[in-house]
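A.B. asks: Attaching a predicted model along with its sequence, questions to come.
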Amino acid sequence: MVEGEFEPLIVAFCCNWCAYAGADLAGTSRIPYPTNVRIIRLMCSGMVHPALVMDALMRGVDGVLIAGCHPGDCHYTDGNLKTERRVEALTVMMEDMDIERERLRLEWISSSEGEKFARVMREMTEQMKKLGPNPFKLG
Amino acid sequence: MSEEQLKIGVYVCHCGANIAGVIDVEDATRYAQKLPNVAVAKHYVYMCSAPAQAMIKEDIKQHDLNRVVVASCSPRMHEATFRRVVHEGGLNPYLFEMTNIREQCAWVHAAEARKATKKAKDLIRMSVARARVLAPLQKREVNVISRALVIGAGISGMRAALDLAERGFDVYLVEKAPYVGGRMAQLNKLYPTDEYALDVLKPLMEAVSSHPKIQLLTNSEISTVDGYIGNFKAKIAVKPRYVTRNCDACGECEIVCPVKVPNEFDYGLSRRKAIYLALPYAVPARYLVDSENCNRCGKCLEVCPKAAINLDEQPQEIEVDIGSIIVAIGHDLYNPPEGEYGYKIYENVITMPQLERLLNRNDVANPEPSNGLKPKSVVFISCVGARQEPGIYSPIKEGQKLNRYCSRVCCTASLKNSLEVKRRYPNAAVCYLYRDIRTFGRGHEEYYRKASESKVLFFRYKAEVPPLVSNNPNGLTVTVQDVLTNNEAIAIPADLVVLNVSMVPPADASDLQTKLKIAGGTEGFFQEAHTKLRPLETPSDGIYLAGTAQGPRDVTDSVAMGSAAAAKAAILLARGKVELEPIVAYVDLTRCDGCAMCVEPCTFKAITIEEYQERGAIKKRAVVNDALCKGCGACAATCPPKCIYVKHFTLDQISAMINAALVE
């Protein structure tokens, strides 16, 4: 690593039943990914209040991942579908605030998709590095 | 609790070398010690071990700790362990917070030790920040109604109902069909013993209809289910049968009935009257009028010696209070679209369940299969409607849903039937076209061995090149590119083609799923709460799964699952009380303005708006029914003033972690 290279901070909201378990599986399978992510465990991706995401982005978090169960697999029947609609609304809010759309990502990651969790983290880290630091962090 | 009074203990686990081999645990512990309100920070080789547990409990007393953070493995592994430890140490178990530095740090960042240590410190800082704003929670206890509802009276539902009844609980056994027995009643013989399915079923059918603890409701469906674990209320719609209990199944009515329609019990291979018994051994042994097809000519009324027919019978609704529900609604069978292997185009292309009926009718009623065939050449084709991989399987019709799963029972069932055909028609050629054969159960491989010895011919096809069924003046021809003979194309003349169709989710599964608020998997079968740890439970507490409603399985496994679900339900019913999880939604009434935005997102209908008076004015506010709430937080994410939240996952608690993540 080049000293001083930009290391983005990524906050991942992971539902307890699928995505968090998927992240655990990446661990038990020893699938490496960058150290940039900080996972916050929630019961359901559907409990992420839009204000939490906007707050995180406006306070300087470089990227936010919301990860839940695949449609049809939600522990609470359809919490993930509510998340999907909320993310649509969030992208509009982000546009209003001139925050790059790419800084928020929604993924369905099952408890058996450790590989996918690792891949998403690798992709996001790369993408955030390309985007550069969240302008709100500098301001 | 004020800032100054907070005393947090942080415990960093080595997990042998699992964590300590990557992360500098001493450095992480020194770092934790300097975080605000941390009274004590320690590291230990195995934090889940007995000495470490004793150390934490001792520290709670000695240092007067009121929060505990353990940085070790996944909370999915040991959160329950450490909650118990802090509880035994005298703390509320919800004042414990876990930091995952193994699965989500050491194990995935093994090549970047320095960065991994920094991340571990960050994660510990985030957990400490969250621990500072945790609140104690109390579990609540509610009474359990010691009665059960079993939905579906197939083999697994009957087994479950009988087990519960034998344990002394009252059971409502509700069956949609007019008779009990389910799909199994339609089978001919069962593997691996070659017993007749009905011989195995009959004692159970009799037992559920006569057991004093079981109230059997056939021709009935669930209308609504409300309530929660231990306290459900179900409404059951009982369809009219138009034949009273006076019926002794003499059959006079059937003789005079002029209406003939396809018999669904025989998958349309035979015809029945509009007043009928689906099978000779029907339980209950009462006739039934198919009101859709009855022309109300009244001839049956004239001949019935018991005056048991009442064509004016009305539907009924019964309401029952129960503590637990077992869902055993079984499966449907894959209905191949027209043209798949010539199905519905060529009369002599039938499905395996149809073959079971033909073989069975042959034994019990007619000397020959209904289509009059004495087959000279029978071809079985496996994996029809199963293992349909996108990109490999070419859909027959547009928008066809692909079944990617293996149906599990077909291999052995079709081998059993290939032998049965050989036994009945020793001169018939039997060819078995397969993708793979898995005879996984005890005694199953015997069928494969016997079929080979009996000169059943095996051909293996590739999923990419499925067999082709065509018609010519001499009959059907099945062409298969046989992998076993180096992809040689072999044309097999056939006068009967049997498609080994898969089990599919029952048509009413999604409707019942909504009523019960349980989960369905991607394939449409009901999904268990956890594949390994809670395979019989649904996400809705107190509702259990049995049989093929959860996925394809054979009779043996369905019976085992029925008994297992009954045992699970019995634990709850026998205890008489149940503890409810305290992680539920909570309304800050000082700020709620009754806007009702939270009501619609709640899948579990746990939130209502109530009116109240304050200084003479009528106001509104949201009220959460704790027992119905599952703590998913869909309400919390919608609340504009952020005044409804899920306990243990409040906005403050989540924000604290984000803020701590941002601090370097």
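C.D. replies: Received it, and whenever you're ready, just let me know what you need. Note that the structure is a prediction, hence the values are computed from the model and not measured.
A.B. asks: So, low pLDDT: which residues of chain A?
C.D. replies: A:1-3, A:138-139 (pLDDT under 70).
A.B. asks: repeat that for 90
C.D. replies: Residues of chain A that meet the criterion pLDDT under 90 lie in A:1-5, A:71-78, A:111-112, A:135-139.
A.B. asks: any chance you could map the helices in it?
C.D. replies: A:19-28, A:50-59, A:79-96, A:114-131, A:135-138 (DSSP state H).
A.B. asks: Just name the most buried of those.
C.D. replies: The highest mean neighbour count among the helices of chain A, using mean count of other Cβ atoms under 10 Å in any protein chain shown, belongs to helix A:19-28: a mean of 25. To be clear about C-beta, it is placed using only N, CA and C from the backbone, and glycine gets the same treatment.
A.B. asks: That helix near chain B anywhere?
C.D. replies: Yes. Applying Cβ under 8 Å from any Cβ of the partner chain, one finds helix A:19-28 in contact with chain B at A:20-21, A:23-24, A:26-28.
A.B. asks: Output the helices of chain A as JSON lines; include the columns distance to residue B:179.
C.D. replies: Formatted as JSON lines, the helices of chain A follow (distance: least, Cβ to Cβ, whole Å):
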{"stretch": "helix A:19-28", "distance to residue B:179": "42"}
{"stretch": "helix A:50-59", "distance to residue B:179": "53"}
{"stretch": "helix A:79-96", "distance to residue B:179": "39"}
{"stretch": "helix A:114-131", "distance to residue B:179": "47"}
{"stretch": "helix A:135-138", "distance to residue B:179": "68"}
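A.B. asks: What does residue B:349 show for phi and psi?
C.D. replies: Dihedral pair for residue B:349: phi -100, psi 110, per degrees, to the nearest 10.
A.B. asks: What count of nearby residues applies to it?
C.D. replies: Neighbourhood size, residue B:349 [other Cβ atoms under 10 Å in any protein chain shown]: 24.
A.B. asks: swap in the one 5 residues further on?
C.D. replies: Neighbouring residues of residue B:354 were enumerated by other Cβ under 10 Å; the total is 21.
A.B. asks: So it is in contact with residue B:269, correct?
C.D. replies: Yes. Using Cβ atoms under 8 Å, residue B:354 is in contact with residue B:269, at 5.9 Å.
A.B. asks: Identify the residue of chain A closest to chain B, quick one.
C.D. replies: residue A:47 (2.5 Å; Cβ to the nearest Cβ).
A.B. asks: what sits against that residue?
C.D. replies: Listed by Cβ atoms under 8 Å, 6 or more residues apart in numbering or on different chains, the contact partners of residue A:47 are A:79, B:632-634, B:636-637, B:646, B:649.
A.B. asks: swap in residue B:536?
C.D. replies: Applying Cβ under 8 Å, 6+ apart, the residues near residue B:536 are B:528, B:544-546, B:561, B:564-565, B:568.
A.B. asks: change it to 7 Å
C.D. replies: B:528, B:544-545, B:561, B:564-565, B:568 (Cβ atoms under 7 Å, 6 or more residues apart in numbering or on different chains).
A.B. asks: Now do the helices in chain B.
C.D. replies: Ranges of helices in chain B, per DSSP H, are B:25-33, B:50-62, B:75-88, B:113-132, B:155-166, B:197-210, B:252-256, B:299-303, B:352-364, B:410-424, B:444-453, B:509-516, B:555-575, B:651-662.
A.B. asks: ranking the ones you listed by mean pLDDT, which is last?
C.D. replies: Of all these, the minimum mean pLDDT falls on helix B:352-364 (a mean of 81).
A.B. asks: Now do that helix: distance to the chain's middle.
C.D. replies: Put simply, helix B:352-364 sits 29 Å off its chain's centre (Cα atoms, centre = their mean, to the nearest Å).
A.B. asks: looking just at contacts, which helices and strands does that helix meet?
C.D. replies: If you count contacts as 3 or more Cβ pairs under 7 Å, 6 or more residues apart in numbering or on different chains; DSSP states H and E, helix B:352-364 packs onto helix B:410-424, strand B:496-501.
A.B. asks: Export only the CA atoms of the shortest one, formatted as CSV.
C.D. replies: Yep, that's strand B:496-501 we're talking about. Extracted in CSV, the C-alpha atoms of strand B:496-501 (Å, rounded to 0.1, in the frame of the first residue of the first chain):
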residue,chain,number,x,y,z
LEU,B,496,-46.4,-45.5,-23.0
VAL,B,497,-44.1,-42.7,-22.0
VAL,B,498,-44.0,-41.8,-18.3
LEU,B,499,-42.8,-38.4,-17.2
ASN,B,500,-41.2,-38.4,-13.7
VAL,B,501,-42.7,-35.0,-12.7
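A.B. asks: who does it pair up with?
C.D. replies: According to DSSP bridges, strand B:496-501 forms sheet pairs with strand B:349-351 (parallel), strand B:377-384 (parallel).
A.B. asks: Pick the most buried one from these.
C.D. replies: strand B:377-384 (a mean of 25).
A.B. asks: Mind checking the strands paired with strand B:496-501 for the one nearest to residue A:54?
C.D. replies: Closest to residue A:54 of these, according to Cβ to Cβ: strand B:377-384, at 50.0 Å.
A.B. asks: neighbouring contacts of that closest one?
C.D. replies: B:334, B:336, B:341, B:410-411, B:414, B:418, B:421, B:428-435, B:467, B:478, B:492-502.
A.B. asks: ditto for stretch B:100-108
C.D. replies: Identification of contacts with stretch B:100-108 by Cβ under 7 Å, 6+ apart yields A:23-24, A:26-28, A:30-33, A:39, B:15, B:18-19, B:22-23, B:71-75, B:116, B:119-120, B:123.
A.B. asks: now the helices and strands packed on helix B:352-364 as JSON lines including distance to residue A:90 and mean neighbour count?
C.D. replies: Formatted as JSON lines, the helices and strands packed on helix B:352-364 follow (distance: least, Cβ to Cβ, whole Å; neighbours: other Cβ atoms under 10 Å in any protein chain shown):
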{"stretch": "helix B:410-424", "distance to residue A:90": "46", "mean neighbour count": "22"}
{"stretch": "strand B:496-501", "distance to residue A:90": "45", "mean neighbour count": "27"}
